[in-house]
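[1] A predicted structure for the sequence below; I have some questions about it.
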Amino acid sequence: MKTIVKRLPKVELHLHLDGSVRISTVAELLNISYEEAYLQMVCDKNTHSLTDYLMKFDLPIKVMQTKENLKRVTKELLEDLKKEHVIYVELRFAPSLHTKEGLSQKQVVEAIVEEIREEEGITCNLILCCLRNHLENEKNFETVEVAKSFLNHGVVALDLAGDESKYPTQLFQKLFEKARELGVPYTIHAGEASSYHSILEALRFGAVRIGHGIATIENQGLMNTLKEDKILLEVCPQSNVDTDIVTEKKKHPIKQLFSNVPISINTDNRTVSNITLTEEYEDLMKLFDFTIDDIKTCNLNAIKSSFLNEQEKEKLKKQIEEEYYDATYRS
């Protein structure tokens, strides 16, 4: 079964570039040992909250300050994704975090767009993250403008990321008003480190997808709304364990969410959570009796709720239907 899952086509909508950098690359670029880089980049027994989790991004962000390094880590991540047959990914990052050595946000995005256009065998688009700790919002508003300038030319949407428990979604209403004014769609991290009210706020602001959204489970009315309005939850099971939102993976409400609302399965941060998308699906099959058809449904959900145009969606949907049929009936 493990081999079958790895060769099935997959779609990932919630994947952070800076949380998925190869440890060996960071060690090389900073001239430190692999072991030291590993300790600072991967969750361990001392990771007990989203705040702790976010500290694991410090080293990769440190090296992601030049066009050369930005291109390199992007290329390496796409190579890793192709090895497990991820056919489409919406890769997210905050361009404002990569301007410490003189690059502008626009130059940061240009570098990564150039790299994803060169990569064959996988389709990749970018989601630009605004940050919750930028309360002055100047950098965030610049990110919105940059997203607009690259919209449908490598960038497909915006996001709001960061420590939800410290910086509630309601603080960023004007930011999303600006995004709507410019016609830039967005997903929002919500219901991860806060209650279901955060998700309601994100929906009120116009989010068309929800990052994580695990707190949806607290309110049946909200689940009904998400189902009726076809609002997808970008669920990241292992990440929820690592941030101590769920005490252990077998207690994750993933099965109940899957039965009630549209969801996709994601890693969030491959390196920080030390997980691949293949392993996420294997855990769902082992712990929650997910079937190959369930995995197919999650990936079709992802395509439907992606920021691709309809023609591109149909192409990927056809590929998934055909390859899952072959895996199920001809293997």
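    Thanks, I have the structure now. Computed from a predicted model, the values in this text were never measured in an experiment. Numbering: from 1, shown residues only.
[2] Could you use CA atoms for every contact and neighbour count after this?
    Noted.
[3] Now do the SS call for residue 107.
    helix (DSSP: H, G, I helix; E, B strand; the rest coil).
[4] In contact with the closest residue to it other than its chain neighbours, which residues?
    Using CA to CA, 6 or more residues apart in numbering and skipping residues adjacent in sequence, the residue nearest residue 107 is residue 67, 7.9 Å away. Residue 67 is in contact with 107-108, 111-112, counting by CA atoms under 8 Å, 6 or more residues apart in numbering.
[5] In TSV, list these along with pLDDT.
    Shown next, in TSV, are those (pLDDT from 0 to 100):
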residue	pLDDT
107	98
108	98
111	98
112	98
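[6] now the residues you listed as CSV including neighbour count and distance to residue 215?
    CSV is the format used below for those (neighbours: other CA atoms under 10 Å; distance: CA to CA, whole Å):
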residue, neighbour count, distance to residue 215
107, 17, 36
108, 22, 33
111, 18, 36
112, 22, 33
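[7] Show me the shaky parts of the stretch 101-250 of the chain.
    135-136 (pLDDT under 70).
[8] Now stretch 61-79: buried residues?
    Neighbour-count burial for stretch 61-79, counted by 16 or more other CA atoms under 10 Å, picks out 61-67, 69-75, 77-79.
[9] Tell me where the stretch 51-200 of the chain has strands.
    Secondary structure of the stretch 51-200 of the chain (DSSP state E, counting those that start in this stretch): strands at 86-93, 123-131, 155-161, 187-190.
[10] and those, which is most packed in?
    Of all the strands of the stretch 51-200 of the chain, strand 187-190 has the most neighbours on average by mean count of other CA atoms under 10 Å, namely a mean of 28.
[11] Could I get the contacting residues of the closest residue to residue 128 other than its chain neighbours?
    Leaving aside its sequence neighbours, residue 128 sits nearest to residue 158 (CA to CA, 6+ apart; 4.8 Å). Residues near residue 158 by CA under 8 Å, 6+ apart: 127-130, 144, 147, 184-187.
[12] do that again at 6 Å, thanks
    By CA atoms under 6 Å, 6 or more residues apart in numbering, residue 158 lies in contact with 127-129, 186.
[13] Can you tell me who it pairs with across the strands?
    Residue 158 forms beta bridges with residue 128, residue 186, as assigned by DSSP bridges.
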